[in-house]
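J.: the following block contains a protein sequence and its predicted model.
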Amino acid sequence: MSPSDPFTSSRRLILETIDSTNAEALRRAMGGERGPLWITAREQTAGRGRSGRAWLAPAGTLAASLLMAPGCRMEDLHQLAFVTGVAVHEAIGRAAGQAVGGLRLKWPNDILIGGAKAGGILIETTSAGRDVVAVAGIGLNVAANPHVEGRAVTHIASHAPGIDVDGLLDALDGAMQRWLAVWQGGAGFAHVRSAWMGRTGAPGEAIFVNAGVERIDGTFLGIDGSGALLLRDPGGSIRRVTYGDVSLDNGSGHAPERTIR
């Protein structure tokens, strides 16, 4: 995509039941579909999240995947997680008609309200013919949320009464159009990065990262120009993290509320 070829999306495929909206998008990409196309489902039977985790989607949740051919370099495809995060944050506020207290983003792909998870993002890509196709999968707890053992979860309507799945999808479509146009296939990532930083925790917030082979404790500094997480460890060194699960650690197990306007 380029400034002369702005993103537009008016097509939607609404399904009653599907294994996974991302999986369906990837199947359609292999069949020649290039989008932009939203695929949504009332029910997912095998939804998935990051690192192959199951994504539970009871009635009252939004399961949506945007299939697109982003026209960017392969090394910039991961930036779509930040583009999508900013768009989701904006869409929730627009659909709610007000700022939602405690709404924030957490690196690399979580949507939180007051420290509890309200949704997540999964970016998947594939080569289909000569094209690179990307799928931005979005799962949001709108009117209900699953129970997840050992993790705080919430749903958006409990913080913004009146919000509904259809209205949120409408807002999300418009927000994705705007932020994909800002991103410009990677050329505008600095603007996306700035917007993402304005919607996450404040620098200095205590966090720890499960990076697979080690746990890294420290304080949040931000993200660098490529989207990698930056933190200062207890020894004062700045660590750059490109993969891992971030947990907030303010002594209570929950993040402090921070409202973005």
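T.: Great, that's in hand.

J.: show me what the longest strand belonging to the chain is packed against.
T.: Across the chain, the longest stretch assigned as strand under DSSP state E is strand 116-128. Judged by 3 or more Cβ pairs under 8 Å, 6 or more residues apart in numbering; DSSP states H and E, strand 116-128 is in contact with helix 21-30, helix 80-96, strand 110-113, strand 131-141. Every C-beta, even on glycine, is put in place using the N, C-alpha and C of the backbone.

J.: any chance of CSV for these, columns mean neighbour count?
T.: Below are those laid out as CSV (neighbours: other Cβ atoms under 10 Å):
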stretch, mean neighbour count
helix 21-30, 22
helix 80-96, 24
strand 110-113, 23
strand 131-141, 23
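
J.: dump these to CSV, plus distance to Gly174 and mean pLDDT.
T.: Output for the helices and strands packed on strand 116-128, formatted as CSV (distance: least, Cβ to Cβ, whole Å; pLDDT from 0 to 100):
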stretch, distance to Gly174, mean pLDDT
helix 21-30, 19, 95
helix 80-96, 7, 97
strand 110-113, 18, 96
strand 131-141, 14, 95
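
J.: can you give me the angle the longest strand of the chain makes with helix 80-96?
T.: Using axes from the mean of the first three to the mean of the last three Cα atoms, to 10 degrees, the direction of strand 116-128 lies 130 degrees away from that of helix 80-96.

J.: can you give the distance of strand 116-128 from its chain's centre?
T.: Centroid displacement of strand 116-128 relative to its chain, using Cα atoms, centre = their mean, to the nearest Å, is 6 Å.

J.: pull out the buried positions in it.
T.: If you call a residue buried by 16 or more other Cβ atoms under 10 Å, then strand 116-128 has these buried ones: 116-125, 128.

J.: save those as TSV, and put in distance to Asn109 and pLDDT too.
T.: Formatted as TSV, the buried residues of strand 116-128 follow (distance: Cβ to Cβ, whole Å; pLDDT from 0 to 100):
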residue	distance to Asn109	pLDDT
Ala116	16	95
Lys117	11	94
Ala118	12	96
Gly119	9	95
Gly120	6	95
Ile121	4	96
Leu122	7	95
Ile123	8	96
Glu124	12	96
Thr125	14	95
Ala128	23	82
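
J.: how about those, which pair is most distant?
T.: Distances among the buried residues of strand 116-128 were taken as Cβ to Cβ; the most separated pair is Ala116 and Ala128, at 37.0 Å.

J.: mind giving me the domain ranges of the protein?
T.: Listed domain ranges for the chain are 12-197, 206-248 (source: automatic domain parsing).

J.: just name the most buried of these.
T.: Ranked by mean neighbour count under mean count of other Cβ atoms under 10 Å, these are led by domain 12-197, which reaches a mean of 19.

J.: show me where this structure has helices.
T.: 21-30, 80-96, 165-183, 189-197 (DSSP state H).
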